[in-house]
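Student: Fold the following and give me the result.
(one chain, ligands or ions: 1)
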Amino acid sequence: MEFSQFIEVLKKQLMDESFLTGTISQPRLRSNDIQRIKLKKLEIQNELAIQFEYQLEHTMYHKNLSFEEAKDELSQQLEHFRQVHFDHTTHASQAQISKKFKVLYKTTQHATPKEANFSHNRKKQYILSEEVIHPFLVELGVQTKEGKIRAAKHAKFKQINRFIEMVEDTFPHLPTDRPIRIIDFGSGKSYLTFALYYYLVEIKKRDVQITGLDLKKEVIEHCEMIARKLNYEQLHFQIGDISDYEEETVDMVITLHACDVATDLALARAVHWGAKVIMSVPCCQHELFNQLHAPSLDVLTKHGILKERFSALATDAIRAQLLQLVGYDAQLLEFVDLEHTPKNILIRAYATNAKIADQDYEDYQQFKQLLQAEPFLEKELKKFGRL
Ligand SMILES: C[S@@+](CC[C@H](N)C(=O)[O-])C[C@H]1O[C@@H](n2cnc3c(N)ncnc32)[C@H](O)[C@@H]1O
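Tutor: The predicted model follows:
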C-alpha cells in the first residue's frame, strides 16, 4: 500500500466507533526525541477525544485532541515512525512502513469483541511515567530493570511524583542566571533528593547543585555511591548535623520528615540564608506535646491521641505563622493521601518582601499564650536575629 493511501485508511480507522487504542513506534531517526506515541479514546466531560501520549527517553507528556485535531496530528507523526498498531473492539490492525514509505498492512479479527468503556479506562498520569525506565528509580529499587514499579514501592513512587508536582510550581522563584543551590536537610535514604536532581537536571535541563545532609554515615555513603554510579555530578551527600551546617547562598531548602526539632533547625537556617523556597514535611513532633499545658484545652488534650494530633497541627500552624512573620508566604498543602501516613502536610514557603501586619504578630502571641508554649523555632529565629 502507498503511504498516502495508508494515512487515509488510518484516519478513517481513528474516526471509527470501534477504535480503542493505538501505538506508533520505531522512530525512523535515532535523533527523534519521541520514542513512541500511544493513542487512546477518552471521554472528557461527555465528549469523546483522542489522547496522544508522547514517550521520550526519560519522560512523557500527553495532549487530549478533538477528532479533527487528532487526524492532523496522526498524519504529521506517521512520517517519523515505522510501526503502527491499532486496536478496535472487533479487530486489530498492524502496519510496517519501509524505509521507502511502502506499507505492509494487515488486520486480524478478535475472537470475542472487546468492550469499549472510555470513561473508566483512564489511569493516573504521573510526571515520571510508569512506562519509562528512570535509572535512579531502578538504583533505588523502586522500579525493576524492566521498568515495572515494584508493588511494595508504589506509595513511594506516588510520593515522588507528588513532590515533583509541587516542585514544578516553585520554578518562577528560582534563579535562571546561575546554578540553583539546594540543600536537603535530613536526606536519609534520599529518594526525593534523587528525584529532584533527576527532574531538574535530566528532564528540565536546569543547572543545579544539590547537597543532601544527614547524621547517618552509612546512608550518606550509600547515597554518595549511587550518585557517582548515576554520574549525577552536581549531587553530593555529606555527613553532618543541621545545627553545624554553614553555607552562604542557598536558593531552596528541603527538609522532609526530619525528626522533631530538626525541622525547625532547617527552617531557621533557610530563613537566615534568605532561601527563596522552603519545602518541609515535618515528622514526629514531641516538642510542643511535651510543653503543652493549657487548661482551657483539657477537654481535648486529656485524650492522648488527640493531644498528639493537636500538638502536631499546632506545631505546623506555629511554623507557618513564624515563617510569615519573617517575610515568607507559607502555604500548607496535602503531601500524600492521609491513608498512607498522618505526616502528610507539606509547608511550602516563598520569600517575599511583603510587609508584616501587626495583627499577624498579635495572632501569633495569642496562640502561643493559649498553648502556654515556647516554640523552638521562635528561639532559633531569634538566635539569627530574625525576630
Ligand atoms: C525519617 S528520616 C527522613 C529521610 C528523608 N528525608 C525522607 O523523607 O525519606 C529523617 C532523617 O533525618 C536525619 N536527621 C535528624 N536530625 C538531624 C540533624 N540534626 N542533622 C542531620 N540529619 C538529621 C535522620 O538521621 C534521618 O535520616
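
Student: Who are the contact partners of Q321?
Tutor: Contacts for Q321 (Cβ atoms under 8 Å, 6 or more residues apart in numbering) come out as A330, D360, D363, Y364, F367. The way it works is simple: take the backbone N, C-alpha and C, and place the C-beta from them, glycine included.

Student: Mind checking which of those residues are buried?
Tutor: Among the contacts of Q321, those classed as buried by 16 or more other Cβ atoms under 10 Å are A330, Y364.

Student: Give me every residue in the chain lying close to the ligand.
Tutor: Residues of the chain lying close to the ligand (Cβ under 6 Å from any ligand atom) are 186-189, 191-192, 213-216, 241-242, 256-259, 262, 265, 283.

Student: let's go with 8 Å and repeat that
Tutor: Contact residues (Cβ under 8 Å from any ligand atom) of the chain with the ligand: 184-193, 213-216, 219, 240-243, 245, 254-260, 262, 265, 281, 283.

Student: Could you list which of those residues belong to strands?
Tutor: D184, F185, L213, D214, I254, T255, L256, H257, A258, V281 (DSSP state E).

Student: so the third one touches Q238, yeah?
Tutor: The reference is to L213. Yes: the pair L213 and Q238 passes the contact test of Cβ atoms under 8 Å, sitting 5.2 Å apart.

Student: of those two, who's got more company?
Tutor: Set L213 next to Q238 and count neighbours by other Cβ atoms under 10 Å: L213 wins out with 24 against 14.

Student: beta partners of that one?
Tutor: Here L213 sits in beta bridges with F185, Q238, as judged by DSSP bridges.

Student: now swap in A330 and tell me
Tutor: If you apply DSSP bridges, the partners that A330 bridges to are A349.

Student: what sits against it?
Tutor: A330 neighbours (Cβ under 8 Å, 6+ apart): R319, A320, Q321, L323, Q324, I347, R348, A349.

Student: In CSV: those residues, plus pLDDT, distance to F81 and secondary structure.
Tutor: Listed next are the contacts of A330 as CSV, based on pLDDT from 0 to 100; distance: Cβ to Cβ, whole Å; DSSP: H, G, I helix; E, B strand; the rest coil:
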residue, pLDDT, distance to F81, secondary structure
R319, 95, 52, helix
A320, 95, 50, helix
Q321, 96, 55, helix
L323, 96, 50, helix
Q324, 95, 53, helix
I347, 94, 46, strand
R348, 94, 41, strand
A349, 96, 46, strand
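
Student: Give me the subset of the contacts of Q321 that lies in strands.
Tutor: Those of those lying in strands (DSSP E): A330.

Student: Now render the contacts of Q321 as a markdown table, adding pLDDT.
Tutor: Below are the contacts of Q321 laid out as a markdown table (pLDDT from 0 to 100):
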| residue | pLDDT |
| --- | --- |
| A330 | 93 |
| D360 | 93 |
| D363 | 96 |
| Y364 | 96 |
| F367 | 96 |
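
Student: Same list, the contacts of Q321, but as TSV with distance to R82 please.
Tutor: Supplementary listing: the contacts of Q321 in TSV, determined by distance: Cβ to Cβ, whole Å:
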residue	distance to R82
A330	52
D360	63
D363	65
Y364	65
F367	65
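
Student: and the two most separated of the contacts of Q321?
Tutor: A330 and F367 (14.6 Å; Cβ to Cβ).

Student: D244 - how many residues pack around it?
Tutor: As a burial measure, D244 scores 8 neighbours (other Cβ under 10 Å).

Student: got it, and R348?
Tutor: 20.

Student: quick one: the spatially most central residue of the chain from L56, how far?
Tutor: In the chain, the centroid-proximal residue (Cα atoms, centre = their mean) is I164; its distance is 2.1 Å. Distance from I164 to L56, counting by Cβ to Cβ, to the nearest Å: 16 Å.

Student: Where do the strands of the stretch 101-250 of the chain begin and end?
Tutor: 103-109, 180-185, 208-214, 235-239 (DSSP state E, counting those that start in this stretch).

Student: how about Y197, what does it touch?
Tutor: F136, V208, I210, A227, Y232, Q234, L235.
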